[in-house]
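S.K.: Just the structure for this:
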Amino acid sequence: MSTTHFGFQSVDETEKARRVRGVFDSVASKYDVMNDLMSMGLHRAWKAYTVMVANLQPGQQVLDIAGGTGDLAMAFAKKVGPTGRVVHTDINEAMLRVGRERLLNQGLALPTLVCDAEKLPFPDAHFDLVSVAFGLRNMTHKDAALREMARVLKPRGRLLVLEFSKVAEPLRKPYDWYSFKILPKLGQLVAGDADSYRYLAESIRMHPDQKELKALMKAQGFGHVDVHNLTAGVVALHVGVKC
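M.R.: Got it, this is the predicted structure:
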């Protein structure tokens, strides 16, 4: 059996998806509150920057992968207007349900689909833009997922990957202290789940850094990749253009 990482643990590949699903089943109802608390509201600025870089035009076709509670899907839908389309997807049904309810409360009835990013149920060369925010690090085969994202993009279409990354060296120690000492306590206090937020901190350390992810994207069909470091590298936005 092949193994992969689940945080700092080594697990069977077939086990990782189930464990990740369990994490997000547990935190779905408190996900937005925890995002505000653990990032001190910065996740809103990171997503706003992503929407700005996306520079979507009316009528364009967008796929939001790991769309969760719908922040980006909502913002993208306002940009593409009634002539465009944003497909809101996630592998986790609980997260998707929270997101769909939130979108409907805002008067947005977007196509919503539970699907695995490694096996996207969409035709080749279909979307102008694909986005994945804070989801790539949870995928078992990142290369397969990126290859699928490239497949469903139109030629010269763009992939936006917003993800936790490698923080600048002067902030490394305080960031580690916050991640491993404070985050799990916040998770326990607000969501009743310290383990899921401990996994979050561990999964960030196991994720490819800025340079490694850029190389991985280029190897999977993106001819040009720009890297935007945000908040001293706590988060990075990778923008890949399909060959």
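
S.K.: Residue 111 is in contact with residue 84, isn't it?
M.R.: No. With contact defined as C-beta atoms under 8 Å, residue 111 does not count as touching residue 84 (11.8 Å). Every C-beta, even on glycine, is put in place using the N, C-alpha and C of the backbone.

S.K.: Name the residue in the two with the higher neighbour count.
M.R.: residue 84 (17 against 11; other C-beta atoms under 10 Å).

S.K.: And that one, how close does it get to residue 135?
M.R.: 22 Å (C-beta to C-beta, to the nearest Å).

S.K.: Show me what counts as buried in the strand ranked longest in the chain.
M.R.: In terms of residue count, the longest strand belonging to the chain (DSSP state E) is strand 153-164. Across strand 153-164, burial judged by 16 or more other C-beta atoms under 10 Å covers 153, 157-164.

S.K.: Could I get the full set of strands for the protein?
M.R.: Under DSSP E, the chain gives strands at 3-6, 9-12, 61-65, 85-90, 112-114, 127-133, 153-164, 222-230, 235-242.

S.K.: can you tell me which of these comes nearest to residue 34?
M.R.: strand 153-164 (14.2 Å; C-beta to C-beta).

S.K.: Report how many residues lie close to the residue lying closest to residue 85 once chain neighbours are set aside.
M.R.: The shortest distance from residue 85 to any non-neighbouring residue, by C-beta to C-beta, 6 or more residues apart in numbering, is to residue 61 (5.4 Å). Residue 61 sits with 20 neighbouring residues when counted by other C-beta under 10 Å.
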